[in-house]
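Visitor: Sequence first, predicted coordinates after that:
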Amino acid sequence: MLTVLGLTGCDKKAANGPRLEYTGPLMETTNVRTLYSDSAKLKLQLTAPLEQRFENSDVLYPKGVKVTFYSADNTKTVVNTLTANYGKLDKAKNLYIMRGDVRVVNVPQEQRLNTEELFFDMTKQLIYTDSAMFVKVTTPQEYLTGYGLRANQDFSRYSIFNPKGVFAVPQSAPAP
């Protein structure tokens, strides 16, 4: 009888408690430079100090991101830049979400957009904000302010959903 007790006492007990699953990035890359092209023509370049890729294919840029858009004529002329303190690519929607001091600059038209959150839809080639997001557009002649914005990706055409003001730019105004 003593032997039976000894044998049953040696069984391994199943670990109690929930299993912990890792939800962090699968891969981290520093000093990223990604080129997007179509039919051997450079369309845009994305640069970031840190890129984190996750199991669901989403990508985070927690230390900032810059997207440079190039002209369609394959001359590598910069048409537009988009920078932010934080970026996320929602891979399922092919949608970039940019947050924190978001700036869009249309180089040929000298137009600038400043806001705190912006979406870039690569499929539809649109940039836009939520309708409640404050936006400021600066052109060589004026400042425009309001809430909500929708524009083509090169920021050559845009509309502000709820405009609040138009202000003339003083001749001695410094560039932001």
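Guide: Done, it's in.
Visitor: Distance from stretch 148-164 to the middle of the chain?
Guide: Distance of stretch 148-164 from the chain centroid (CA atoms, centre = their mean, to the nearest Å) equals 17 Å.
Visitor: whoops, stretch 163-170 was the one
Guide: Mean C-alpha position of stretch 163-170 versus that of the full chain (CA atoms, centre = their mean) differs by 28 Å.
Visitor: List the buried residues in that stretch.
Guide: Under the neighbour-count criterion of 16 or more other CB atoms under 10 Å, stretch 163-170 has nothing buried. C-beta here means a position set from N, CA and C on the backbone, and glycine is covered the same way.
Visitor: Give me the residues contacting that stretch.
Guide: 138-147 (CB atoms under 8 Å, 6 or more residues apart in numbering).
Visitor: Which positions within stretch 110-125 qualify as buried?
Guide: The neighbour-count check on stretch 110-125 (16+ other CB under 10 Å) flags 111-115, 117-120, 122 as buried.
Visitor: nope, stretch 35-42 is what I was after
Guide: Buried, per 16+ other CB under 10 Å, within stretch 35-42: Leu42.
Visitor: Now tabulate the contacts of stretch 163-170 in TSV and tack on neighbour count.
Guide: Shown next, in TSV, are the contacts of stretch 163-170 (neighbours: other CB atoms under 10 Å):
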residue	neighbour count
Thr138	20
Thr139	14
Pro140	9
Gln141	9
Glu142	12
Tyr143	16
Leu144	19
Thr145	17
Gly146	18
Tyr147	17
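Visitor: Greatest separation within those: which pair is it?
Guide: By the measure CB to CB, Pro140 and Tyr147 form the most distant pair in the contacts of stretch 163-170, at 23.4 Å.
Visitor: low-confidence ranges in this structure?
Guide: For the chain, the stretches with pLDDT under 70 are 1-16, 169-176.
Visitor: hey, where'd the helices end up in it?
Guide: In the chain, the helices defined using DSSP state H lie at 2-8.
Visitor: quick one: the strands in it?
Guide: Along the chain, the stretches classed as strands by DSSP state E are 27-38, 41-53, 59-61, 65-70, 78-84, 86-90, 95-106, 111-121, 126-128, 134-138, 142-152, 158-168.
Visitor: contacting residues for Val137?
Guide: 111-113, 143-145, 149, 158, 160.
Visitor: any chance of those residues in CSV, plus distance to Pro18?
Guide: CSV is the format used below for these (distance: CB to CB, whole Å):
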residue, distance to Pro18
Gln111, 52
Arg112, 50
Leu113, 46
Tyr143, 54
Leu144, 53
Thr145, 50
Leu149, 44
Tyr158, 49
Ile160, 49
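Visitor: which of these lies closest to Tyr36?
Guide: Leu113 (21.1 Å).
Visitor: contacting residues for that closest one?
Guide: Residues near Leu113 by CB under 8 Å, 6+ apart: 102-105, 135-138, 149, 151, 155, 158.
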